[in-house]
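Asks: Here is the input, now give the coordinates:
(one chain, ligands or ions: 1)
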Amino acid sequence: MSVSQNEGKQTTATISIGGKTAEMPVMSGTLGPDVIDIRKLPSQLDVFTFDPGYGETASCTSKVTFIDGDKGILLHRGYPIAQLAEEASFEEVIYLLLNGELPNATEYQQFRQSLTNHTLLHEQIRNFFNGFRRDAHPMAILCGTVGALSAFYPDASDIALPENRQLAAMRLIAKVPTITAWAYKYTQGEAFIYPNNSLNYAENFLSMMFAREVEPYKVNPVLARAMNRILILHADHEQNASTSTVRMAGSTGANPFACIAAGIAALWGPAHGGANEAVLKMLAHIGRKENIPAFIAQVKDKNSGVKLMGFGHRVYKNFDPRAKIMERTCHEVLGELGIKDDPLLELAIELEKIALNDPYFVERKLYPNVDFYSGIILKAMGIPTSMFTPLFALARTTGWVSQWKEMIEEPGQRISRPRQLYLGAAQRDFVALDKR
Ligand code: ACO
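Replies: Model prediction:
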């Protein structure tokens, strides 16, 4: 294959296979490497490309999020994640991801008002919770209940109408915190706390999680700020497994609530959103600093199947820009709560130190990811480990909805349909049961 520029300055890739040659256009984005448009490859050369997991394939065009994994860059609509996490409210980030630009003061007020209009759940949904076991994983409750919203908003199925898409987007982003907090309350056997529309998004979620009917509850501003940051840091991350799942489900024209439920299911796995929960389980398993060397030896042993949870990333191969902000937030929260010498934090810092200097991790470019510290922050806030992934899903709903909307609004949008390299039996004749 060779890449060249023709007279019209169009860069093309010339691909030759078995004596046949075809020219494929090369597409340039605003940032990032060029991509070869191979859509005509099957018709011109009678071949497909092989890319299991789509790691080297651009499955869509997008204007929402840009990541440069080698340089540790993450931009939402062009804005660096560190600036957003330090200076923006989560509502501003929601508006930005959904609409492409930051809101002005009037737009911001209207948007917040509109979001709070949708925080309540249909009272019938309360009954759904009673159908779950009290010890159900909150991700199971979240996945089921978000999917069930499709039964309450059948109008959302007509996604050809822009107003229906916008309404579904607002409903999803506004209602998922209520469902998430209620999933927690349900597993605790506590009464549900209704949304309080005088609070901002992060405060309201904390209130629905921790307030009790019987006593006043005041949201701690340091914890609300930390929650705001955690939400921003998890809001979107380009075409990851769960987002691609939402896009794939959405490409069929499915109801948006069902598509987001599909994203929640994909996020649940320990290689994706389940990692923050897995980090805490790992730290608890290690228990003491003295046990770290033996644990690291296990991690390096390929036969053990043990991984250093919270380390490594499919895209970031130098550092995860979200991890640094998370580390700082972790110290702020522990300081505010007066947690000194937290044994888990000490273990985490020691693990990080060892791993960052160990050739196994250095050579493989394995650095702490966003989940390494988020688990410790959430634990300090009193959020149980089973709620870590639901919280991630709550934050990521904004990204999923923004990417879903972008996909549906793309001219010429088609159903997603990957191909395969078939390795099964060649054609053969059926043999009747009594002849086998
Ligand atoms: N601990 C030990 N070894 C690891 C780890 C880890 N956490 N991650 C990768 N490696 C090793 C692999 O075994 C492989 O070694 P090899 O080259 O000797 O075979 C090498 O590093 C490359 O790893 P890949 O599996 O190719 O990396 P990939 O990009 O496919 O995986 C992933 C990324 C899934 C995140 C992986 O690093 C992992 O499982 N990490 C732990 C789970 C985790 O923290 N996930 C959260 C991701 S962030 C998020 O979803 C928000």
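
Asks: Tell me who's in contact with Ile339.
Replies: 345, 380 (C-beta atoms under 8 Å, 6 or more residues apart in numbering). In this view, the C-beta of every residue, glycine as well, is placed from N, C-alpha and C.

Asks: So it, which state does it fall into?
Replies: coil (DSSP: H, G, I helix; E, B strand; the rest coil).

Asks: Please tell me the pLDDT value assigned to it.
Replies: We have a pLDDT of 84 for Ile339.

Asks: surely Leu351 meets Ile292?
Replies: Yes: counting by C-beta atoms under 8 Å, Leu351 does reach Ile292; the two are 6.1 Å apart.

Asks: So for the two, which sits in the more crowded spot?
Replies: A count of neighbours by other C-beta atoms under 10 Å puts Leu351 above the other of Leu351 and Ile292, at 25 against 17.

Asks: ok, that one to the ligand distance?
Replies: Per C-beta to the nearest ligand atom, to the nearest Å, Leu351 is found 11 Å from the ligand.

Asks: List phi and psi for that residue.
Replies: Backbone geometry at Leu351, expressed as degrees, to the nearest 10, gives phi -60, psi -50.

Asks: Check Ile67 too.
Replies: Main-chain torsions, Ile67, degrees, to the nearest 10: phi -130, psi 130.

Asks: ditto for Tyr201
Replies: Torsion angles, degrees, to the nearest 10, at Tyr201: phi -60, psi -50.

Asks: give me every residue that touches it.
Replies: Counting by C-beta under 8 Å, 6+ apart, Tyr201 touches 89-91, 94, 115, 177, 228, 231.

Asks: ditto for Asp135
Replies: With the criterion set at C-beta under 8 Å, 6+ apart, Asp135 makes contact with Thr187.

Asks: Reduced to three states, what does it come out as?
Replies: Assigned with three-state DSSP, Asp135 falls in the coil class.

Asks: Get me the contact residues on the stretch 201-350 of the chain for the ligand.
Replies: 271-272, 275, 299, 307-314 (C-beta under 6 Å from any ligand atom).

Asks: can you redo those residues as TSV with secondary structure?
Replies: TSV is the format used below for those (three-state DSSP):
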residue	secondary structure
Ala271	coil
His272	coil
Ala275	helix
Val299	helix
Lys307	coil
Leu308	coil
Met309	coil
Gly310	coil
Phe311	strand
Gly312	coil
His313	coil
Arg314	coil
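
Asks: out of the residues you listed, what pair is the most spread apart?
Replies: His272 and Val299 (19.3 Å; C-beta to C-beta).

Asks: the more surrounded of the two?
Replies: The neighbour comparison of His272 against Val299 (other C-beta under 10 Å) goes to Val299, with 21 against 18.

Asks: Out of the contacts of Tyr201, which comes closest to the ligand?
Replies: Leu231 (13.7 Å; C-beta to the nearest ligand atom).

Asks: shared neighbours of Leu351 and Ile292, which are they?
Replies: Counting by C-beta under 8 Å, 6+ apart, the residues touching both Leu351 and Ile292 are Ile286.

Asks: Count the neighbours of the residue of the chain found nearest the ligand for me.
Replies: The ligand sits closest to Gly312 of the chain, with a gap of 2.3 Å, by C-beta to the nearest ligand atom. Neighbour count of Gly312, defined by other C-beta under 10 Å: 20.

Asks: what's the answer for Ile408, then?
Replies: Neighbour count of Ile408, defined by other C-beta under 10 Å: 18.

Asks: mind checking the SS state of the residue lying closest to it once chain neighbours are set aside?
Replies: In space, and not counting its chain neighbours, Ile408 is closest to Ile159: 5.7 Å by C-beta to C-beta, 6 or more residues apart in numbering. Using three-state DSSP, the secondary structure recorded for Ile159 is coil.

Asks: And the helices in the stretch 151-300 of the chain?
Replies: 162-188, 201-210, 221-233, 241-250, 256-267, 275-286, 292-300 (DSSP state H, counting those that start in this stretch).

Asks: For these, could you give me TSV that also reports distance to Thr14?
Replies: What follows is these, written out as TSV (distance: least, C-beta to C-beta, whole Å):
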stretch	distance to Thr14
helix 162-188	41
helix 201-210	51
helix 221-233	43
helix 241-250	30
helix 256-267	37
helix 275-286	42
helix 292-300	44
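
Asks: what about Tyr201, distance to Leu347?
Replies: To Leu347, Tyr201 is 32 Å away according to C-beta to C-beta, to the nearest Å.

Asks: same check, this time on Met387
Replies: 21 Å.

Asks: Leu142 contacts Met387, doesn't it?
Replies: No: if you go by C-beta under 8 Å, Leu142 and Met387 don't touch, sitting 9.8 Å apart.
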